[in-house]
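Asker: Pasted the sequence and its predicted model underneath.
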Number of protein chains: 4
Amino acid sequence: MSQTVFQPADPNYDSRVRNSFHDQVIMQSMGITLEAVDPGQVTLGMLFNPSFVQQHGFHHAGATTTALDSACGYAAMSLMPADAEVLTVEFKVSLMAPAAGERFSFVGRVIKPGRTLIFTEGEAVAHGPNGGKVIATMTATMMVVQGRAGINR
Amino acid sequence: MSQTVFQPADPNYDSRVRNSFHDQVIMQSMGITLEAVDPGQVTLGMLFNPSFVQQHGFHHAGATTTALDSACGYAAMSLMPADAEVLTVEFKVSLMAPAAGERFSFVGRVIKPGRTLIFTEGEAVAHGPNGGKVIATMTATMMVVQGRAGINR
Amino acid sequence: MSQTVFQPADPNYDSRVRNSFHDQVIMQSMGITLEAVDPGQVTLGMLFNPSFVQQHGFHHAGATTTALDSACGYAAMSLMPADAEVLTVEFKVSLMAPAAGERFSFVGRVIKPGRTLIFTEGEAVAHGPNGGKVIATMTATMMVVQGRAGINR
Amino acid sequence: MSQTVFQPADPNYDSRVRNSFHDQVIMQSMGITLEAVDPGQVTLGMLFNPSFVQQHGFHHAGATTTALDSACGYAAMSLMPADAEVLTVEFKVSLMAPAAGERFSFVGRVIKPGRTLIFTEGEAVAHGPNGGKVIATMTATMMVVQGRAGINR
């Protein structure tokens, strides 16, 4: 994935992202943590959690997707004006390997920022004794919503 | 979505799906229940659960996706031979409205079954005092895996 | 796919769609024709054309996608205000069978209209001596653009 | 996009890809050329062609998709055994900017090769007096098909 340098519209992007992440109760319920916030890029982490596995004992694709969606969404939000909210329009997830590992990292990056829509992509990596392995990728379209009313679309 | 009648390859498709669903620990952790199993179609349900919301108090897209992926996966598995397992290759989710409701239903359907790949689609509906509303759709490609080894791809 | 009745914002939706379709030179170059325009639904047609095949003599997925994208885009445009233009944000295409047939039809439908974004889906059917067969489906996000400037995003 | 070094299963991958590309009549009809073939990566090119534009005079998304699909498909084929054929299972295309330019390049790359499925991604760049600009990205799932029979799925 490309590494572009973005200029955040809001100098307080870091605390805005962290506050919103804190309000996502699902992150705490699933044990997903905020590792890093940069302009246009956000990294999340998760330890293997047996409460969120599928029938073969690996993390369910829904758990991986939950983290990737938040990583991509907050990567987009980090570039938005102070009064804007982020909404996920759609995403596609490709599942390249079982989510087998001791811990997982999820990087979301902005690929193309726009006034209304922001294109992002994400990568999920499983970490174990033998190093890291890409288990899934996401491409997601995020929407910039000005004002609370828009949240209810 | 179209309503095709499919012939299951395994007469015990119902118990095979139910057993596998029971092994998905994430279903219990998130309160997702198995409502109906038919050849090529599976319906799941979920009550509003404040543990799995995003920053605006609605269900996170990851929660909706978790249920849709399992609904589509088990719809595919219902048509598979007795010794086959299902793996999700990829899915796309379109998020049409916030996941606001008292309870949610998730229908997964097979669109085109194949020997190796099964195309499916899913629909998530939020139910509230004013009736039901489609909040998300999924299209997913499922893979037929014969033998346990394949699970670790 | 669901059959919803939509109210067009512009009573002249039919001629607006037809004029724009006429301006898409690629439609004439590939022999794609406009079969029907209804509020929220547009049907295109194409005879088998040996100039647009892949290595096995079937229509290339790009030809099928070209027609599906225009069908979905014009389905969206049929519901837009008179001064609005349509832009495709993204689409996913599932290829269920080879594009083998004497002629092809492509239906695009609006699933969820919005002020800024319109969710659509499309279906491509191959017709031959043995009847019709679904060869591909599309889900596409379309954007409402007010004013020419927006076209150059 | 990542740059992995892949080992081709067939030492004659280059001529196999070139022969198959030559058989895709649509490539010649649209003026799409094969620029480079490497193990797991294929680059195509196209000059601006007024026969394949949409209503605003830019290349139609279908033209961009046609080239991206072939670039990704041949990137996958370059890693396949000598007797294998490639089939596109599905792709998603994100359209980030209008296809405005004097010429276009399309790079397809393998992200994760497998025995049955190969995950790929592609990038379309428009080139003009002011340099290059990414106009679209694709993620595509390709299938390895052994023997001609499989082509007709």
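Answerer: Nice, thanks for sending it over.
Asker: Quick check: what element follows whichever helix in chain A runs longest along the chain?
Answerer: For chain A, the longest helix by residue count, based on DSSP state H, is helix A:61-77. Downstream of helix A:61-77, the first helix or strand assigned by DSSP states H and E is strand A:84-95.
Asker: For that next one, which strands pair with it and how are they oriented?
Answerer: Its sheet considered, strand A:84-95 pairs with strand A:131-146 (antiparallel), strand B:84-95 (antiparallel) by DSSP bridges.
Asker: near chain C, which residues of chain A?
Answerer: Contact residues, chain A versus chain C (CB under 8 Å from any CB of the partner chain): A:89-90, A:92, A:114, A:116-117, A:141, A:143, A:153. Every C-beta, even on glycine, is put in place using the N, C-alpha and C of the backbone.
Asker: what comes up buried for stretch A:26-43?
Answerer: For stretch A:26-43, the buried set under the neighbour-count rule, 16 or more other CB atoms under 10 Å in any protein chain shown, comprises A:26-27, A:29-30, A:32, A:34, A:37-43.
Asker: In helices, which of those fall?
Answerer: Per DSSP H, these map to helices at A:26-27, A:29-30.
Asker: thinking again about what came up before, Provide a PyMOL selection command restricted to the buried entries of the residues of chain A next to chain C.
Answerer: Applying 16+ other CB under 10 Å to these, the buried members can be selected in PyMOL as follows:
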select buried, chain A and resi 89+90+92+114+117+141+143+153
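Asker: now the residues of chain A next to chain C as CSV including pLDDT?
Answerer: Below are these laid out as CSV (pLDDT from 0 to 100):
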residue, pLDDT
A:89, 98
A:90, 98
A:92, 98
A:114, 96
A:116, 96
A:117, 98
A:141, 98
A:143, 98
A:153, 39
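Asker: separation between the spatially most central residue of chain A and residue D:141?
Answerer: Against the mean C-alpha coordinate of chain A, by CA atoms, centre = their mean, the closest residue is residue A:71 at 1.2 Å. Using CB to CB, to the nearest Å, residue A:71 is found at 22 Å from residue D:141.
Asker: Equivalent analysis for residue A:118, please.
Answerer: Residue A:118 sits 25 Å away from residue D:141, going by CB to CB.
Asker: Chain B contacts on chain A?
Answerer: A:20-21, A:23-26, A:29, A:50-56, A:60-63, A:65-67, A:69-70, A:85, A:87-95, A:97-98, A:100, A:151-153.
Asker: ChimeraX command for the buried members of those?
Answerer: Listed next is the ChimeraX selection for buried residues among these, using 16+ other CB under 10 Å:
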select /A:20,21,24,25,26,29,52,53,54,55,56,60,61,62,63,65,66,67,69,70,85,87,88,89,90,91,92,93,94,95,97,98,100,151,153
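Asker: in chain A, what spans have low per-residue confidence?
Answerer: Within chain A, the segments meeting pLDDT under 70 span A:1-3, A:148-153.
Asker: Beta-bridge partners for residue A:103, please?
Answerer: Beta bridges link residue A:103 to residue A:47, residue A:127, judged by DSSP bridges.
Asker: Could you count how many residues lie near it?
Answerer: Neighbour count for residue A:103, taken as other CB atoms under 10 Å in any protein chain shown: 14.
Asker: quick one: it and residue A:49 touch, right?
Answerer: No - contact criterion CB atoms under 8 Å: residue A:103 and residue A:49 do not qualify, at 9.9 Å.
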